[in-house]
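Novice: Predicted model follows, preceded by the sequence.
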Amino acid sequence: MTAAENICYTLINIPSEAEPPSEITLKNDLEKGDIKTKTEALKKVIVMILSGERLPGLLMTIIRFVLPLQDHTIKKLLLIFWEIVPKTTQDGKLLQEMILVCDAYRKDLQHPNEFIRGSTLRFLCKLKESELLEPLMPAIRTCLEHRHSYVRRNAVLAIYTIFRNFEHLIPDAPELIHDFLVNEKDASCKRNAFMMLIHADQDRALDYLSTCIDQVHTFGDILQLVIVELIYKAAAQCYIELIIKESDNNVKLIVLDRLIDLKEHPNHEKILQELVMDILRVLSTPDLEVRRKTLQLALDLVSTRNVEELVVVLKKEVIKTNNVTDHEDTDKYRQLLVRTLHSCSVRFPDIAASIIPVLMEFLSDSNEAAAADVLVFVREAIQRFDHLRPLVIETLLEVFHSIKGVKIQRGALWILGEYCSSQEDIQSVMTEIRRSLGEIPIVETELKKAAGELKPEEEIMLTPAPKLVTEMGTYVTQSALSSTHLVKKEEERPPLRAFLLDGDFFVGASLATTLTKLALRYITLVDSDHKKNVFLAEAMLIMSSVLHLGRSGLPKKAISEDDVDRISVCLKVLSELLPFLTDIFNTECRHSLSQMLTARQEEEKRSQKKNLEKHVSVQADDPVSFDQLLARSDNTSKEDLFQQSLLAAVGCVQKNEATDPLASSKLNKVTQLTGFSDPVYAEAYIHVNQYDIVLDVLIVNQTADTLQNCTLELATLGDLKLVEKPSPLTLAPYDFANIKANVKVASTENGIIFGNIVYDVTGAASDRNCVVLNDIHIDIMDYIQPASCSDAEFRQMWAEFEWENKVTVNTNISDLMEYLKHVLKSTNMKSLTPEKALVGDCGFMAANLYARSIFGEDALANVSIEKPVGQSPDVSVSGHIRIRAKSQGMALSMGDKINMSQKKVAA
């Protein structure tokens with residue numbers, strides 16, 4: 001490593017000079033010059049070392065003639081010099097001269113001037129050589145007792161850095177700093193000491209905080225901020241422990257959402273980044289939704305410091321899924337792991353090489369979805385990272401023969417055909433293709449096997465012929481030759497041959513394209529005409545054999561005309577070898593992939609930019625609030641008196657919905673349960689949490705009688721469950737009381753809560769009185785959240801979900817895009833169709849929408865709407881919306897919501 005590549009913690013502005021001075025000139029200035037001359041010479045030495053010069057001859061000169069000087073500027077420059085100068089020999093051993101430097105800094109640590117002591121301690125934080133630090137440890141400890149706070153706080157930083165890098169030099173550092181913190185009075189020293197305990201020994205930090213918790217409000221701001229950091233860190237750790245220990249998945253999801261909310265704040269995000277490995281412990285939970293949120297949170301928090309540890313944990317989780325086959329969510333969890341590793345490798349390319357071998361094993365997995373995700377990752381990795389192409393091709397060739405899925409086989413063939421560029425790789429691919437096809441020509445070989453002319457050696461051996469007795473009492477002998485032959489033939493068919501005989505000739509078309517690319521590339525690499533002709537002939541033989549097989553009637557399905565055309569074109573390309581066709585096969589395919597990946601990357605950047613824009617807390621043109629104009633109200637919230645006065649003067653006083661208890665958003669959630677003329681008036685404030693509903697019911701006795709055993713009786717319709725029955729109470733005349741009832745929600749569908757209030761009147765001989773309550777309708781939108789999924793996942797779920805609800809568009813909106821936005825806003829769904837595909841005015845629009853409930857239920861929708869071009873602009877949009885869901889309740893509830901909110905309400 002050159003000096004220019006060494007770590008430097010100081011930013012130095014290097015002036016542009018015509019020519020650097022010679023080493024002899026610098027040596028003379030350092031030896032015989034005055035203080036000013038030596039200062040300038042030392043600056044030039046520092047600049048030259050930063051430029052890559054080693055200057056070993058000046059080391060002893062500086063030690064002899066510059067190091068003993070007491071000038072403060074010289075000492076400050078020497079700190080920079082010793083920071084950047086090479087301190088070891090070529091074989092890594094410490095230079096002998098550094099012993100003299102070490103002794104000089106031991107003296108500086110005992111210097112009477114506090115600035116020299118403090119600066120030296122700051123310099124020691126940057127040293128990475130334990131041999132230099134070891135003799136200085138007693139002097140560093142002594143600095144903790146110095147009279148000046150500048151020395152003490154830098155001594156704490158030095159001890160913290162040394163403990164973090166070389167724990168063996170000061171193993172009792174946490175105990176030492178804890179004792180220092182207890183007796184320290186200076187705020188800056190206490191802040192540094194407490195910060196060290198947070199990172200080095202959190203238990204000691206909590207112990208100290210518990211002893212002075214009542215005095216925190218009297219501490220300085222800098223110490224309070226560090227205490228807040230500890231509180232956030234402890235809170236995050238408590239959340240994580242709660243997720244791991246709590247058995248209820250609903251609680252796990254709620255706490256995970258709290259962690260996600262913490263992450264949205266920049267200051268808290270830094271704390272959570274240190275806890276990524278603790279967060280990954282939540283993956284031990286078997287619930288898929290908990291795992292999905294955990295992986296997404298970890299992916300958002302990961303950085304270059306902990307990405308390698310994250311990848312190690314994820315690889316272990318991937319290996320665990322190989323041994324678990326009985327759980328229904330294992331395949332989906334494997335997909336999540338693959339996608340997370342994919343995202344990590346795209347963000348941090350350096351770790352892609354360690355991920356690829358692990359993931360490539362999944363190409364032979366029976367779960368085609370996970371294998372497809374791996375293939376997408378491999379395709380992107382081999383396109384983006386040129387240095388990984390040999391590794392990917394080598395690993396892909398190793399697993400090619402064991403690939404079980406036909407879609408994965410097609411993708412693997414495309415990658416091999418597109419990126420094999422050396423002669424050896426191309427020949428290896430051709431060998432694997434021949435191995436996967438078996439003996440060719442295929443038709444003749446299969447006919448011979450069917451006729452019994454061609455039998456493998458093991459198939460000729462017959463199983464013992466058992467003797468059977470018929471109903472007539474005669475003996476018959478059954479031969480197992482035919483059945484054994486058929487079974488073994490199926491088992492021993494190579495993968496590609498089996499796909500073709502099953503009638504899947506799309507893989508045959510892919511094979512033809514791959515062979516064409518390989519052949520066109522091979523003939524440019526080989527000089528021998530004989531080798532060129534042999535390779536071309538073999539490729540064309542394979543293609544013609546696939547064509548012949550498709551038309552022979554042997555496969556279960558005949559070859560399609562599209563596949564025939566594709567294979568015929570490939571044969572024509574190899575027979576004519578036209579330059580422009582060669583260019584299409586060799587360059588245009590890869591260019592198209594590059595454009596697709598670039599477009600996807602730009603789309604991701606745009607979405608990330610939108611997310612960042614949402615979190616802007618202060619705009620550049622926002623007014624500046626002055627503390628002198630801010631008065632504390634009774635609830636300790638701050639109000640800008642100047643702004644309030646200005647609004648009052650112009651008659652625009654507005655209420656703050658966040659602090660006003662009568663805000664309209666809260667009043668909207670109050671439901672009247674009885675009439676004003678009923679003897680008992682009741683209304684309920686409905687507070688919807690994620691997994692339960694809290695009803696805060698106000699009951700008012702409007703009579704002059706005392707009501708005894710006044711009971712709120714509730715019942716539910718749908719997937720709602722009353723947690724506990726409210727207790728009866730007694731109401732005095734014209735008295736009121738609040739009753740709270742909890743209702744647990746089990747799934748996403750519209751629910752109804754109904755019931756009555758029963759009571760006895762004191763002194764009355766009649767039966768119990770009853771007041772029937774109005775129904776409370778629970779809105780499905782409280783549980784629906786926008787979500788994203790890939791096109792392949794959407795199509796798969798669309799095919800799997802059996803409940804469909806078709807809603808006819810009936811709206812007063814006349815613009816297609818406006819109607820789509822209105823539906824998205826009303827249903828909390830997200831459009832999966834790219835925005836580019838929705839722009840323009842063609843009179844027709846089709847979009848796929850997706851949402852997910854907090855219970856993990858998926859809701860899909862396809863919007864097909866039109867507005868004929870040429871008609872009046874006021875003509876309303878027409879069409880249909882098809883909704884699909886796994887459960888009937890979800891499909892019906894989403895359809896009802898769309899029907900109710902289709903028409904736009906006039907402002």
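Specialist: Okay, I see it.

Novice: check contacts around Tyr232.
Specialist: Residues in contact with Tyr232, defined by Cβ atoms under 8 Å, 6 or more residues apart in numbering, are 262, 267-268, 271. (Glycine included, C-beta is placed from N, CA and C.)

Novice: Tabulate those (JSON lines), appending distance to Ile699.
Specialist: Output for the contacts of Tyr232, formatted as JSON lines (distance: Cβ to Cβ, whole Å):
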{"residue": "Leu262", "distance to Ile699": "39"}
{"residue": "Asn267", "distance to Ile699": "45"}
{"residue": "His268", "distance to Ile699": "42"}
{"residue": "Ile271", "distance to Ile699": "45"}
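
Novice: pLDDT-wise, what's the bottom of those residues?
Specialist: Taking those together, the minimum pLDDT is found at Asn267 (70).

Novice: quick one on the thing from earlier: pull the most distant pair out of the contacts of Tyr232.
Specialist: The distance between the two most remote of the contacts of Tyr232 (Cβ to Cβ) is 9.6 Å, for Leu262 and Asn267.

Novice: the more surrounded of these two?
Specialist: Using other Cβ atoms under 10 Å, the more surrounded residue of Leu262 and Asn267 is Leu262, with 18 against 11.

Novice: mind checking how far the more buried one is from Lys233?
Specialist: Distance from Leu262 to Lys233, counting by Cβ to Cβ, to the nearest Å: 10 Å.

Novice: intersection of neighbour lists for the two?
Specialist: Joint contacts of Leu262 and Lys233 (Cβ under 8 Å, 6+ apart) are Ile271.

Novice: quick one, strands of the stretch 751-900 of the chain?
Specialist: Taking DSSP state E, counting those that start in this stretch as the test, the strands found in the stretch 751-900 of the chain are 751-761, 769-772, 776-778, 784-786, 803-808, 830-831, 844-853, 858-866, 878-885.

Novice: For Glu432, what is the enclosing helix or strand?
Specialist: Assigned by DSSP states H and E, Glu432 belongs to helix 423-437.

Novice: again with Lys449
Specialist: Lys449 belongs to helix 442-451, assigned by DSSP H and E.

Novice: What residues of that helix count as buried?
Specialist: Using 16 or more other Cβ atoms under 10 Å as the test for burial, helix 442-451 gives 442-443, 445-446, 449.

Novice: Just put the strands of the stretch 751-900 of the chain in TSV and tack on distance to Ala353 and mean pLDDT.
Specialist: Below are the strands of the stretch 751-900 of the chain laid out as TSV (distance: least, Cβ to Cβ, whole Å; pLDDT from 0 to 100):
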stretch	distance to Ala353	mean pLDDT
strand 751-761	52	88
strand 769-772	71	90
strand 776-778	52	81
strand 784-786	36	84
strand 803-808	46	90
strand 830-831	35	89
strand 844-853	34	89
strand 858-866	35	91
strand 878-885	41	91
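
Novice: quick one, which of these is nearest to Gln601?
Specialist: Of the strands of the stretch 751-900 of the chain, the one closest to Gln601 (Cβ to Cβ) turns out to be strand 830-831, at 19.9 Å.

Novice: what are the pairing partners of that closest one, and which direction each?
Specialist: strand 844-853 (antiparallel) (DSSP bridges).

Novice: pLDDT value on Asn635, please?
Specialist: For Asn635, the predicted pLDDT is 40.

Novice: no, scratch that, I was asking about Asp640
Specialist: 52.

Novice: all helices of the stretch 301-450 of the chain, in order?
Specialist: Taking DSSP state H, counting those that start in this stretch, the helices of the stretch 301-450 of the chain run over residues 307-323, 330-347, 352-360, 368-384, 389-399, 406-419, 423-437, 442-451.

Novice: burial count for Ala684?
Specialist: Ala684 is flanked by 25 other residues according to other Cβ under 10 Å.

Novice: Repeat that for Ile523.
Specialist: Neighbourhood size, Ile523 [other Cβ under 10 Å]: 18.

Novice: With Asp29 instead?
Specialist: With other Cβ under 10 Å as criterion, Asp29 counts 21.

Novice: hang on, isn't it packed against Ile35?
Specialist: No. Applying Cβ atoms under 8 Å, one finds Asp29 not in contact with Ile35, separated by 11.4 Å.

Novice: would Leu242 count as being in a helix?
Specialist: Yes. Leu242 forms part of a helix when assessed by DSSP: H, G, I helix; E, B strand; the rest coil.

Novice: okay, now Tyr105: neighbour count?
Specialist: Neighbourhood size, Tyr105 [other Cβ under 10 Å]: 24.

Novice: nearest to Cys420, of the strands of the stretch 751-900 of the chain?
Specialist: When the strands of the stretch 751-900 of the chain are ranked by proximity to Cys420, the top entry is strand 844-853, at 36.4 Å, counting by Cβ to Cβ.

Novice: Check the offset of the helix holding Lys449 from the chain's centre.
Specialist: Distance of helix 442-451 from the chain centroid (Cα atoms, centre = their mean, to the nearest Å) equals 52 Å.

Novice: Over to stretch 208-225?
Specialist: Relative to its chain's centre, stretch 208-225 lies at 36 Å (Cα atoms, centre = their mean).
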